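# Provided below for reference: sequence and predicted model.
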Amino acid sequence: MTTKIDITLSETKKEKPESGQLEFGRVFTDHMFVMDYSPTKGWHDARITPYEPISLNPSSMVFHYGQTVFEGLKAYRTEDDKVLLFRPEKNMQRLNLSNERLCIPQIDGDFVIEALKQLVAIDKDWIPTAEGTSLYIRPFIIPTEYYLGVAPSKFYRFMIILSPVGSYYKEGIHPVKIFVENQYVRAVAGGTGKAKTGGNYASSLKAQEEASKKGYSQVLWLDGVEKKYIEEVGSMNIFFKINGEVVTPELNGSILEGVTRNSILKMLSHWGMVVSERKLSMEEVYQAYKQGLLEEAFGTGTAAVISPIGEFYYNDEKITINDGETGEISKKLYDTLTGIQKGTHEDIFNWVTEV
Ligand code: COI
């Protein structure tokens, strides 16, 4: 296992975008982190290099069977110019969970956090400071063996790239509209749903495209067997406030174990709210809506942060929540979470790590 990181700095510096105009994931910083895996050397050749194209043989397994995993986390710059990461150890744990499911060798999470800190420190000036912006960190692993047989690759490349980002949704912190998907499914028990692997996202595109044509930002996935129980929204986990209870679907193997989801559950419990992780059917949500008991809905995710939901399209009917406005809990969660992440709120849970 490698412990040393070689650093080659870029000779040119790209122009940085205006912080107030950032989209999600379109612009990349000057450097990236790379390391390789082989059966004899393990993970080796850790290096920070200029951000540049990589060259791969067309027979590299990454182009064929989707044996890939990735993560997403963010760095923030505080008012006194410190750089903070939010719970990076949770991302490393989940990366290794995904690795396990996809037959990819485990990585040393502590070493990767160290590499990530060095990379972020080098590209620190890229961290945007405008409201709602941050530096998105994308670690990912691809199989690099040249082989067309269906088998786990023997060689891999691990990379981390950085992108200064604004809101994931064009709506920003305003409520999004979600289409409840009743034809396609995202994942099934025993599948790869809880792993952060490209295939889960590829299989979501068709439904996403159809929903988008109807004016909906995302789809809400129901369980893959009965299409009855709520799972997640593809780019975020989901919460509802029904008659005073805040509820999110329990982890069942096909739902992604979001770091933001976990943090929100802890914050809500700390505030003394009634919080449950349980099976929740769309019909229960619909009946709550009919009885005037559906108070709020919001998504949670690293990219999406807290995204209030103003409307669902379910069985040919529009369900409007909180008059399409941001609810009280969504607002309080957003302010507190981003406050902790940006160092303006006390970090009572010990979640942030300084770079
Ligand atoms: C994240 O929130 O980091 C995600 O991975 C969602 C992504 C697919 C944009």
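Received it, and whenever you're ready, just let me know what you need.
# contacting residues for the closest residue to residue 130 other than its chain neighbours?
For residue 130, ignoring the flanking residues on the chain, the nearest one in space by CB to CB, 6 or more residues apart in numbering is residue 19 at 4.0 Å. Glycine gets a C-beta too; all of them are placed from N, C-alpha and C. With contact taken as CB atoms under 8 Å, 6 or more residues apart in numbering, residue 19 is in contact with 128, 129, 130, 133, 164.
# and with 6 Å instead?
128, 130, 133 (CB atoms under 6 Å, 6 or more residues apart in numbering).
# would you turn these into a markdown table with pLDDT and neighbour count?
Shown next, in a markdown table, are these (pLDDT from 0 to 100; neighbours: other CB atoms under 10 Å):
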| residue | pLDDT | neighbour count |
| --- | --- | --- |
| 128 | 94 | 22 |
| 130 | 89 | 13 |
| 133 | 92 | 21 |
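# Tell me the one among these nearest to the ligand.
Checking the contacts of residue 19 against the ligand by CB to the nearest ligand atom gives residue 133 as the nearest, at 15.0 Å.
# Now do the end-to-end distance for stretch 233-249.
Chord length of stretch 233-249, first to last residue, is 11 Å (CA to CA, to the nearest Å).
# for stretch 24-37, same thing?
Distance between the two ends of stretch 24-37: 30 Å, counting by CA to CA.
# chain center to it, what's the gap?
16 Å (CA atoms, centre = their mean, to the nearest Å).
# And the contacts of it?
Contacts for stretch 24-37 (CB under 6 Å, 6+ apart): 10, 13-14, 17, 43, 45-48, 51, 105, 115, 119, 122-123, 126, 156-165, 168.
# Let's see which of these end up in helices.
115, 119, 122 (DSSP state H).
# Scan those and report the most crowded one.
Top of the ones in helices among the contacts of stretch 24-37 by neighbour number is residue 119, holding 24 neighbours under the definition other CB atoms under 10 Å.
# and that residue, what is it in contact with?
By CB under 6 Å, 6+ apart, the neighbours of residue 119 are 33, 48, 160.
# quick check, nearest of the residues you listed to the ligand?
residue 160 (13.2 Å).
# so who does that closest one touch?
33, 116, 119, 139 are the contacts of residue 160 under CB under 6 Å, 6+ apart.
# I'd like to know the beta-bridge partner residues of the first one.
With DSSP bridges as the criterion, the beta-bridge partners of residue 33 are residue 48, residue 160.
# Kindly tell me how buried it is, as a neighbour count.
24.
# Check the second one too.
Residue crowding around residue 116 was assessed by other CB under 10 Å; the count is 24.
# coming back round to it: out of the contacts of residue 160, which one sits closest to residue 326?
Of all the contacts of residue 160, residue 139 has the smallest distance to residue 326: 31.3 Å, by CB to CB.
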